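Visitor: Fold the stuff below for me.
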Amino acid sequence: MGTLVVVGVDGSSMSLTAVEAAAAAAVLRGAQLRVVHAQVPIKPRYVVPDPAARALVHEAAIHTRRTAPEVTVTTAVVTGDVVHVLEVESQAADLIVVGSRGMGGLKGLLLGSTPLSLAARSHCPVMTVREVHRPSAGGGPVVLGIDPRRHRSQVDMKPAAHVTPALRRPVGGEAAAGRGRG
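Guide: Residues are numbered from 1 along each chain as shown. Purely as a prediction, here's the structure:
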């Protein structure tokens with residue numbers, strides 16, 4: 001199938017921003033895009049199909065086709081806990097994209113519980129989108145965190161290096177090793 005970018009959508013304003021960023025990432029990788037919405041069951045083993053969920057992923061796919069017509073888009077509404085659904089999706093993905101804040105109630109947090117939990121459990125890199133995504137020729141700031149215990153033999157900076165020139169230069173000093181905090 002080639003490469004795959006998965007984007008999680010929840011109907012929040014940040015969702016379409018995440019879709020735009022995921023579409024741009026899919027274009028850069030020559031990848032397909034899968035738009036996924038996790039439908040949390042009302043009770044265990046009791047799922048009421050929500051037509052709004054199907055409409056949500058359909059609208060995200062239409063938005064992608066308008067902004068990145070060269071990207072092949074598929075959609076899915078999957079029953080289950082959001083983090084679990086996206087963790088399972090990450091097993092076949094090269095990148096998972098989510099918004100930094102969703103429909104949760106704690107608006108003051110810098111990072112929501114879903115991207116935070118997903119970053120710890122994902123089987124592929126996670127891109128968390130914090131604001132309106134506007135690609136520029138010069139790139140922008142990128143933060144890359146790697147757990148060398150899990151990914152030592154899998155780390156390949158080449159795909160990321162073409163996204164922004166900042167990744168082409170090594171970060172030196174103790175701060176890069178996590179020891180430079182006062």
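Visitor: how many other residues sit next to residue 69?
Guide: 10 (other C-beta atoms under 10 Å). All C-beta atoms are positioned from the backbone trio N, CA, C, and that covers glycine.
Visitor: any idea how far it lies from residue 100?
Guide: From residue 69 over to residue 100 the distance is 27 Å, taken as C-beta to C-beta, to the nearest Å.
Visitor: mind listing the strands for the protein?
Guide: For the chain, the strands defined by DSSP state E occupy 4-8, 32-39, 73-79, 95-99, 126-129.
Visitor: Put together CSV for the ones you listed, with mean pLDDT and mean neighbour count on each row.
Guide: What follows is the strands of the chain, written out as CSV (pLDDT from 0 to 100; neighbours: other C-beta atoms under 10 Å):
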stretch, mean pLDDT, mean neighbour count
strand 4-8, 96, 27
strand 32-39, 95, 23
strand 73-79, 94, 17
strand 95-99, 92, 27
strand 126-129, 88, 20
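Visitor: who are the neighbours in contact with the nearest residue in space to residue 123 that is not next to it in sequence?
Guide: Nearest non-adjacent residue to residue 123, counting by C-beta to C-beta, 6 or more residues apart in numbering: residue 90, 4.4 Å away. By C-beta atoms under 8 Å, 6 or more residues apart in numbering, residue 90 lies in contact with 6, 96, 118, 121, 122, 123, 124, 126.
Visitor: contacting residues around residue 60?
Guide: Shown in contact with residue 60 (C-beta under 8 Å, 6+ apart): 7, 9, 15, 16, 19, 35, 75.
Visitor: wait, isn't residue 16 in contact with residue 63?
Guide: Yes - counting by C-beta atoms under 8 Å, residue 16 does reach residue 63; the two are 6.0 Å apart.
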